[in-house]
Each structure stands twice: as C-alpha cells, then as structure tokens.
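sequence? don't have it. structure:
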C-alpha cells in the first residue's frame with residue numbers, strides 16, 4: 001500500500017500543546033517531547049513508527065529526542081527517524097528540534113564509548129548520516145566519563161557547535177560537580193549549555209535531592225526529564241500484576257523483582273490520588289514533573305498514538321494542592 005503524501009495539520013500549534021523557555025535562551029520546547037529510545041528501532045514496524053512521529057508533530061510536539069545507540073539495534077532508531085525525515089518531515093525541518101547523544105557503548109574497541117573527542121565527533125558524523133540531517137539542534141554528552149579529562153569532552157562539544165553540526169550543546173546524566181565544570185567551561189568558550197537531561201520522576205528524586213534542578217536554573221540552563229513514568233511503573237500497567245508483554249516480564253530495563261507487594265500497594269494508592277484529580281496515573285506522574293517551572297520538558301516513550309494522546313492530556317493540569325503533594329511524597333520518598 002502506498003502511503004499518502006504527508007501534510008502536517010495547519011492547527012498543530014493551536015491544538016493544546018504548551019511551550020516553555022529553555023533556560024536563558026531563545027528556544028521554546030513543548031512540555032511533552034517524544035523520545036525514540038525503545039519503540040523506534042529495527043524491531044518496530046516502520047509504519048507504526050511513522051504514524052507515531054507524524055501524530056506527535058500534528059499535536060504540536062516538535063522536539064524528538066534520540067541517541068546514537070537507541071534501538072534496538074544500535075543506530076536503528078536514528079535510521080528509522082532518517083527514513084521518515086526523508087519521506088515526510090523534510091519540508092518541516094526548520095520547525096523541528098532534534099537531539100542526539102553519544103557517551104554509551106556504540107561500536108567495538110576503545111573509541112566506541114565514553115567521552116573522548118574522537119568518539120563524540122565520529123559518533124555525531126554517523127548519526128547525521130543515519131538521520132539524513134546536515135545538523136542536529138542539540139548534541140549531548142550522554143554521560144560523565146571520569147577517565148577522560150572533562151576539558152576534552154567539553155571542547156569537543158564547543159568545536160561541534162562551531163562546526164555547525166549542532167546548534168547547541170547539552171549534557172546528560174552528569175553529577176553535580178561535573179555539571180558545574182561543564183557549565184563553566186562551555187559558557188567561557190561561548191557555547192553555553194542549553195539543557196541538562198536527567199532521569200526524574202516521583203519515584204526517582206535525584207535531581208531534587210542533589211540540587212541539580214536548582215543548579216541548572218542558576219546557570220541559565222534548561223532541564224529536561226527522561227523516564228518520568230519510571231520505566232512504566234507509573235503508567236498503571238502494573239497495578240494488577242505483570243502483563244506478559246511488559247518490560248518487567250522481559251526483564252528489559254525493569255526487573256520483575258522491582259514489583260514488590262509494597263511497591264504495588266503504593267502504586268495503587270497513587271492511582272487513587274490520580275483518579276480524584278481526574279487523571280490517569282501516567283497523566284499525574286507527568287503533571288507532577290511539570291509542576292516545577294524549572295523543568296522545561298518531559299520526554300515520553302509512547303508506543304502507540306493512543307498512549308501519546310493520554311500523555312499529552314497531562315499538561316491540562318500541572319498544579320497540585322499542598323495536601324496532594326504531601327500524600328504523594330508520603331508514598332514516593334524513601
């Protein structure tokens with residue numbers, strides 16, 4: 001079957017999506033961004049991936065988050081995106097904010113991992129070819145590498161931006177001290193850090209407890225949260241056991257033994273709070289992250305248009321009463 005030529009909805013920016021300023025920059029990001037970590041690799045049907053990306057864009061989601069080794073297999077999410085970029089999204093390139101990253105395992109040998117200049121620049125060149133792009137909007141150092149001088153990693157980001165292969169630089173998964181050095185180095189070299197990307201959810205509070213949210217805000221850097229649904233724990237899928245097709249059932253990014261009776265009981269109580277708010281558990285979890293104006297956007301990894309639509313509804317109500325926050329903290333802070 002020949003797919004019809006894609007034409008984006010004229011009202012895509014009036015469909016309800018909200019946008020937040022990214023630190024002290026000219027960039028606005030949608031409150032909900034689409035991540036291509038697990039559902040867009042070569043094991044996923046291309047037609048479903050295409051439908052997801054185009055549906056997201058039609059609903060005002062203009063930020064797509066990738067990394068070199070997203071798949072599975074490595075590189076395949078970028079390759080999928082590249083095919084859809086070429087066939088459907090090319091006319092809208094200037095409306096899109098596209099990210100990729102390097103820092104985790106990508107290819108064999110000593111230069112296919114971590115934070116060296118050789119790895120970062122080589123990886124971005126490969127990513128651009130896979131995605132059929134001349135540049136990405138932001139390129140991240142995906143993780144802090146304690147064995148590579150941080151000056152080398154940051155100078156690679158500076159040179160990447162100056163080369164035009166990325167418009168902005170970012171960091172991801174950096175601890176507080178390394179982030180402070182990164183902010184300072186990048187700013188001193190005229191390439192301020194646009195975004196810090198970290199895991200953040202009701203069940204994972206490290207950006208709060210280690211001051212990373214406040215640090216980014218003080219530096220004029222945006223903050224973008226990944227895994228806001230705690231690998232599916234906060235979607236409601238596990239309220240009545242472990243579904244056969246779930247990540248926990250496959251021990252993929254979520255272990256079965258995580259689902260203790262105690263955690264299941266806490267998730268059920270959180271679901272009750274969400275229901276009283278008129279939200280699903282997933283919607284409340286996303287709204288909880290977005291309640292803080294220091295958060296620029298949350299990255300969701302939806303696997304269907306229906307799931308994405310459910311996620312988008314979270315932005316309708318991101319305010320919480322003091323009593324709701326007290327109850328949520330009682331169930332999530334450990």
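Thanks, I have the structure now. Treat the numbers as computed from the prediction; the structure is a model and nothing was measured. Numbering: from 1, shown residues only.

For the spatially most central residue of the chain, name its beta-bridge partners.
The structure's the chain has its C-alpha centroid closest to residue 299; by CA atoms, centre = their mean the separation is 3.5 Å. Counting by DSSP bridges, residue 299 is bridged to residue 33.

My guess is it contacts residue 33. True?
Yes. Here residue 299 reaches residue 33: they are 4.8 Å apart, a contact under CB atoms under 8 Å. Just so you know, the C-beta spots here come from the backbone N, C-alpha and C atoms, and that holds for glycine as well.

Next, show the common contact partners of the two.
With contacts taken as CB atoms under 8 Å, 6 or more residues apart in numbering, residue 299 and residue 33 have 65, 224 as neighbours in common.

For this structure, which segments count as strands?
Secondary structure of the chain by DSSP state E: the strands cover 19-21, 28-30, 32-35, 63-65, 97-102, 136-141, 166-172, 193-199, 222-226, 297-300.

okay if I get those strands as TSV plus mean pLDDT and distance to residue 43?
Shown next, in TSV, are the strands of the chain (pLDDT from 0 to 100; distance: least, CB to CB, whole Å):
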stretch	mean pLDDT	distance to residue 43
strand 19-21	98	33
strand 28-30	98	27
strand 32-35	98	16
strand 63-65	98	19
strand 97-102	98	20
strand 136-141	99	24
strand 166-172	99	24
strand 193-199	98	24
strand 222-226	98	21
strand 297-300	98	19
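
Using TSV, please lay out these together with distance to residue 207.
Below are the strands of the chain laid out as TSV (distance: least, CB to CB, whole Å):
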stretch	distance to residue 207
strand 19-21	16
strand 28-30	17
strand 32-35	17
strand 63-65	17
strand 97-102	18
strand 136-141	16
strand 166-172	12
strand 193-199	5
strand 222-226	7
strand 297-300	12
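
wait, which of those strands is closest to residue 213?
strand 222-226 (5.9 Å; CB to CB).

So what's the gap between that closest one and the chain middle?
Mean C-alpha position of strand 222-226 versus that of the full chain (CA atoms, centre = their mean, to the nearest Å) differs by 7 Å.

could you check the angle strand 193-199 makes with that strand?
Going by axes from the mean of the first three to the mean of the last three CA atoms, to 10 degrees, strand 222-226 is angled at 30 degrees with respect to strand 193-199.

Check which helices and strands strand 222-226 sits against.
strand 193-199, helix 212-218, strand 297-300 (3 or more CB pairs under 8 Å, 6 or more residues apart in numbering; DSSP states H and E).

mind checking how far residue 226 is from residue 103?
Between residue 226 and residue 103 the computed distance is 14 Å (CB to CB, to the nearest Å).

These two: which has the busier surroundings?
Of the pair residue 226 and residue 103, residue 103 is the one with more neighbours under other CB atoms under 10 Å, namely 25 against 21.

what's near enough to touch that one?
Counting by CB under 8 Å, 6+ apart, residue 103 has contacts 113, 114, 115, 120, 140, 141, 142, 143, 145, 172, 173.

need the contact list for residue 158.
Counting by CB under 8 Å, 6+ apart, the residues that residue 158 touches are 169, 186, 189, 190, 191.

got the buried residues for stretch 112-122?
112, 113, 114, 115, 116, 117, 119, 120, 121, 122 (16 or more other CB atoms under 10 Å).

cool, and stretch 162-172?
In stretch 162-172, counting by 16+ other CB under 10 Å, buried: 165, 166, 168, 169, 170, 171, 172.

before we move on, what about stretch 9-17?
Neighbour-count burial for stretch 9-17 [16+ other CB under 10 Å]: 12, 17.

Span of it from start to end?
Counting by CA to CA, to the nearest Å, you get 13 Å between the two ends of stretch 9-17.

Distance from that stretch to the middle of the chain?
21 Å.

And the contacts of that stretch?
The contact list for stretch 9-17, computed with CB under 8 Å, 6+ apart, reads 30, 31, 32, 57, 58, 59, 60, 61, 312, 315, 316.

Any of those residues buried? List them.
Here, 16+ other CB under 10 Å leaves 30, 31, 32, 57, 58, 59, 60, 61, 312, 315 buried among those.

for the fifth one, what are its contacts?
By CB under 8 Å, 6+ apart, the contact list for residue 58 reads 8, 9, 12, 15.

Then residue 175?
Neighbouring residues of residue 175 by CB under 8 Å, 6+ apart: 144, 210.

ditto for residue 290
31, 298, 314, 315, 318.

one more time with 10 Å, if that's ok
Residues near residue 290 by CB atoms under 10 Å, 6 or more residues apart in numbering: 18, 20, 31-32, 225, 228, 296-298, 314-315, 317-319.

about what we covered before: switch the helices and strands packed on strand 222-226 over to a markdown table; also include distance to residue 131.
What follows is the helices and strands packed on strand 222-226, written out as a markdown table (distance: least, CB to CB, whole Å):
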| stretch | distance to residue 131 |
| --- | --- |
| strand 193-199 | 18 |
| helix 212-218 | 27 |
| strand 297-300 | 17 |
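
what's the closest of these to residue 334?
Nearest to residue 334, of the helices and strands packed on strand 222-226 and by CB to CB, is strand 193-199 at 15.7 Å.

Much appreciated, bye for now.
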